[in-house]
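Chemist: My questions concern the predicted model and sequence given below.
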Protein chains: 2
Amino acid sequence: MTELRIVERLRKRGGTAAGLLLGIGDDCAIFRPRSGQDLLFTTDMLLEGVHFLRETHPPRAVGRKALGRALSDIAAMGAEPRFCLLSAALPAWAQQSWVDAFFAGFLDLARKVGAPLAGGDLAGAERFGCDVVVCGCAPRGRALRRDGARPGDGIYVSGRLGGSALGLETGRGAAWKKHLHPEPRLALGRFLAKRPATSAMDLSDGLSLDLHRLCLASKVQAEIEPPPRFPGASLEQSLHGGEDYELLFTLGPGTRVPASFEGLPLTRIGTIAAGRPGLVRLSGKRLEPLGWDHFAPRALSARRRPPGTRG
Amino acid sequence: MTELRIVERLRKRGGTAAGLLLGIGDDCAIFRPRSGQDLLFTTDMLLEGVHFLRETHPPRAVGRKALGRALSDIAAMGAEPRFCLLSAALPAWAQQSWVDAFFAGFLDLARKVGAPLAGGDLAGAERFGCDVVVCGCAPRGRALRRDGARPGDGIYVSGRLGGSALGLETGRGAAWKKHLHPEPRLALGRFLAKRPATSAMDLSDGLSLDLHRLCLASKVQAEIEPPPRFPGASLEQSLHGGEDYELLFTLGPGTRVPASFEGLPLTRIGTIAAGRPGLVRLSGKRLEPLGWDHFAPRALSARRRPPGTRG
């Protein structure tokens, strides 16, 4: 493996898209935006030992998830992915076959959602790590933000929560699949942008922390009931478990959504209220934002912690 | 340090720019491009133990260099930086003061060049690593690429080469400063885009490898003489030493540039010729592309290797 050879292989498989004038192989990628559109940018790291373990996570799933997590941010803003960039630090333990499977998982999803790989960076390192950038577009001024929730808005989630946390704990079944293969809710995000939702974000770090963040940004508080649970997940996993990558959104009092969208349940879990910015109350009692924070140091397996043990 | 607090601090200091509608704090940053412009994107990783050593590289310089390297790619395409994104993996050894100094170096340069920090990602990890994305813009179709060099074009470099390699070897003086504080040649790049140059790239991995890449992209070969050397640098350092971040460019036979630009020497080192794509000849003899390749594994200090020892 030399850098030139890896880059050459990726270039052949990177794909193309409207507006992408120059992809992999130069100092920069060149993109020509269409007029009337805003561009959206998100970055997401996926690190060995932090976000995945090489003993348990197959490389194809790691590659797919690296991109899927960033696409989830694009979905949460109601945007359409346009292209992506990938920086990867490859350690000596990562054989050609591991690297190939990682890129295959990444590029399969990139192709599926129409976001070709336009560039990136490669380096050697002791542990595997990657950083994924996705550029998406949305009609001017129509992207969904976190700061638009207003008192009286209904609070909704897609899907059933806690599946990823349960999967990480048990390592099997539908929950493990949910953990390994998060599905970015792109079609739902675009649907919500048209409705329009008043605010939206993706559930990456757990409902309690993510809703706290949405309420902080919108300067409101939230009153919720227990959310729908993934089969087998505990209440705690549904409240504080990360990586479900479902959408959390709010709708004005006059706005309706169907009970499901393309087979995915959409459930009202509560109401936005005036009050202390960031406060979340569950069945009338204060809910601490116990979701994932990278700087409360602990091992990956500590995501399985019982609620309340976070330092 | 919690993630929320770091993000809050960065948000306050991230800065603003025309077109940047939404910066740090949501799922994505939102940018509204001006019509008539192409957008350029580059990503660059800076990893502890690979690109810097914490024993020798001050955190402020690490932060500045992390951004400077990516800006150098924007400079090489003749573009103007617009905004940047930063993903950072912060290890337990990185105290608040180290992290603050890193961000200060990064944000100082971001402010200086008018590229506010619009977003990013944070995680904990065992070793420090970051990935920097810069978005730049250029008038439609005017970005400088690697693939435009034609037989008969003159080959030029800015500055004097080998200083960064010399600095890494000696750890002192002007050469160490050159290694620590690379200067992205943004003004020169924009000047060359107007001239226009037929091709350009930045010298990040050594003249021999980078010119080889330019010739591969342009499907031409190059005939050069020894380039101007940084005071004290060996011929080998000037040919194969990485991280000079000077510009390598070609000009059509009728195009002239001054002998210096804003005090920076511009030196013709040779001529593009038809022939074997990628071949570089120095004073008539084949020059191997011995510059930096991340996947010929060795320690950081091995950049000091004598030429020809690369595996």
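Modeler: Received, thanks.

Chemist: drop to CA atoms for contacts and neighbour counts, all remaining ones
Modeler: Noted.

Chemist: can you pull the contacts of A:Arg142?
Modeler: With contacts defined as C-alpha atoms under 8 Å, 6 or more residues apart in numbering or on different chains, A:Arg142 is in contact with A:Ala193.

Chemist: Just confirm it is within a strand.
Modeler: No: using DSSP: H, G, I helix; E, B strand; the rest coil, the assignment for A:Arg142 is coil, not a strand.

Chemist: Outline the domain layout of chain A.
Modeler: A:3-139, A:154-290 (automatic domain parsing).

Chemist: could those domains be laid out in JSON lines, adding distance to B:Gly78, mean neighbour count and mean pLDDT?
Modeler: Converted to JSON lines, these look like this (distance: least, C-alpha to C-alpha, whole Å; neighbours: other C-alpha atoms under 10 Å in any protein chain shown; pLDDT from 0 to 100):
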{"stretch": "domain A:3-139", "distance to B:Gly78": "11", "mean neighbour count": "21", "mean pLDDT": "93"}
{"stretch": "domain A:154-290", "distance to B:Gly78": "35", "mean neighbour count": "21", "mean pLDDT": "97"}
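
Chemist: Among those, which comes closest to chain B?
Modeler: With C-alpha to the nearest C-alpha as the measure, domain A:3-139 is the member of these nearest chain B (4.6 Å).

Chemist: chain center to the closest one: distance?
Modeler: The chain centre lies 14 Å from the centre of domain A:3-139; the measure is C-alpha atoms, centre = their mean, to the nearest Å.

Chemist: And that domain, end to end?
Modeler: 38 Å (C-alpha to C-alpha, to the nearest Å).

Chemist: Over to stretch A:255-275?
Modeler: 23 Å.

Chemist: still on that earlier bit, between the domains of chain A, which one is closest to B:Val257.
Modeler: Of all these, it is domain A:3-139 that lies closest to B:Val257, at 22.4 Å by C-alpha to C-alpha.

Chemist: do that closest one and chain B meet at all?
Modeler: Yes: Domain A:3-139 lies within reach of chain B by C-alpha under 8 Å from any C-alpha of the partner chain, at A:3, A:26-33, A:35, A:37-45, A:47, A:49-50, A:73-74, A:76-77, A:85, A:87, A:119-125, A:131.

Chemist: Let me see the contact set for the residue lying closest to A:Val220 once chain neighbours are set aside.
Modeler: Excluding the flanking residues, the one nearest A:Val220 by C-alpha to C-alpha, 6 or more residues apart in numbering or on different chains is A:Pro277, at 4.5 Å. Going by C-alpha under 8 Å, 6+ apart, A:Pro277 touches A:Cys215, A:Leu216, A:Ala217, A:Ser218, A:Lys219, A:Val220, A:Gln221.

Chemist: Mark which of these are part of strands, please.
Modeler: Using DSSP state E, the members of the contacts of A:Pro277 that fall within strands are A:Gln221.

Chemist: Which members of the contacts of A:Pro277 are the farthest-apart pair?
Modeler: Those two in the contacts of A:Pro277 that are separated most widely, counting by C-alpha to C-alpha, are A:Ala217 and A:Gln221, at 10.3 Å.

Chemist: which residues do those two both contact?
Modeler: In terms of C-alpha under 8 Å, 6+ apart, A:Ala217 and A:Gln221 are both contacted by the residues A:Pro277, A:Gly278.

Chemist: Next, count neighbours for the closest residue to A:Gly36 other than its chain neighbours.
Modeler: Once flanking residues are discounted, A:Gly36 sits nearest to A:Arg140: 5.7 Å by C-alpha to C-alpha, 6+ apart. With neighbours defined by other C-alpha atoms under 10 Å in any protein chain shown, the count for A:Arg140 comes to 14.

Chemist: What pLDDT is listed against A:Arg140?
Modeler: If you check A:Arg140, the pLDDT there is 96.

Chemist: That one touches A:Leu40, doesn't it?
Modeler: No: at 10.9 Å, A:Arg140 does not count as touching A:Leu40 under the criterion of C-alpha atoms under 8 Å.

Chemist: show me where the stretch 101-250 of chain A has strands.
Modeler: Along the stretch 101-250 of chain A, the stretches classed as strands by DSSP state E, counting those that start in this stretch are A:117-124, A:129-139, A:154-158, A:199-202, A:221-224, A:247-251.

Chemist: got CSV for those strands, with distance to A:Pro184 too?
Modeler: Shown next, in CSV, are the strands of the stretch 101-250 of chain A (distance: least, C-alpha to C-alpha, whole Å):
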stretch, distance to A:Pro184
strand A:117-124, 17
strand A:129-139, 12
strand A:154-158, 11
strand A:199-202, 9
strand A:221-224, 24
strand A:247-251, 9
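
Chemist: wait, which of these is closest to B:Ala115?
Modeler: Evaluated with C-alpha to C-alpha, the strands of the stretch 101-250 of chain A place strand A:129-139 nearest to B:Ala115, the distance being 17.3 Å.

Chemist: Packing partners of the closest one?
Modeler: Strand A:129-139 sits against strand A:37-47, helix A:59-76, strand A:80-90, with contacts defined as 3 or more C-alpha pairs under 8 Å, 6 or more residues apart in numbering or on different chains; DSSP states H and E.

Chemist: Could you point out which of those sits nearest A:Ile272?
Modeler: Checking the helices and strands packed on strand A:129-139 against A:Ile272 by C-alpha to C-alpha gives helix A:59-76 as the closest, at 18.5 Å.

Chemist: thinking again about what came up before, which among the domains of chain A is found nearest to A:Arg145?
Modeler: domain A:154-290 (5.2 Å).

Chemist: My reading is that A:Asp26 is in a helix; is that accurate?
Modeler: No: counting by three-state DSSP, one finds A:Asp26 to be coil, located in no helix.

Chemist: wouldn't A:Ala197 be in contact with A:Thr250 here?
Modeler: Yes: contact status for A:Ala197 versus A:Thr250: in contact at 5.8 Å, counting by C-alpha under 8 Å.

Chemist: Which neighbours do the two have in common?
Modeler: Common neighbours of A:Ala197 and A:Thr250, counting by C-alpha under 8 Å, 6+ apart, are absent.

Chemist: Next, find the distance separating A:Leu211 from A:His240.
Modeler: Per C-alpha to C-alpha, A:Leu211 is found 11 Å from A:His240.

Chemist: I meant A:Pro58, not that one.
Modeler: Distance check for A:Pro58 against A:His240: by C-alpha to C-alpha, it reads 25 Å.

Chemist: swap in A:Glu223?
Modeler: Relative to A:His240, A:Glu223 is positioned 16 Å away (C-alpha to C-alpha).

Chemist: can you check A:Leu279 too?
Modeler: In terms of C-alpha to C-alpha, A:Leu279 sits 15 Å off from A:His240.

Chemist: Spit out the contact partners of A:Thr271.
Modeler: A:Thr271 is in contact with A:Pro151, A:Gly152, A:Asp153, A:Gly154, A:Ile155, A:Ala222, A:Glu223, A:Ile224, counting by C-alpha under 8 Å, 6+ apart.

Chemist: Helix, strand or coil: sort out it for me.
Modeler: Secondary structure for A:Thr271, judged by three-state DSSP, is strand.

Chemist: Quickly list what it is bridged to.
Modeler: Note on A:Thr271: beta-bridge partners by DSSP bridges are A:Gly154, A:Glu223.

Chemist: Which stretch among the helices and strands packed on strand A:129-139 approaches A:Ala165 most closely?
Modeler: If you check each of these against A:Ala165 by C-alpha to C-alpha, helix A:59-76 wins as the nearest, at 15.1 Å.

Chemist: got the angle for that closest one vs strand A:129-139?
Modeler: Angle, helix A:59-76 to strand A:129-139, by axes from the mean of the first three to the mean of the last three C-alpha atoms, to 10 degrees: 30 degrees.
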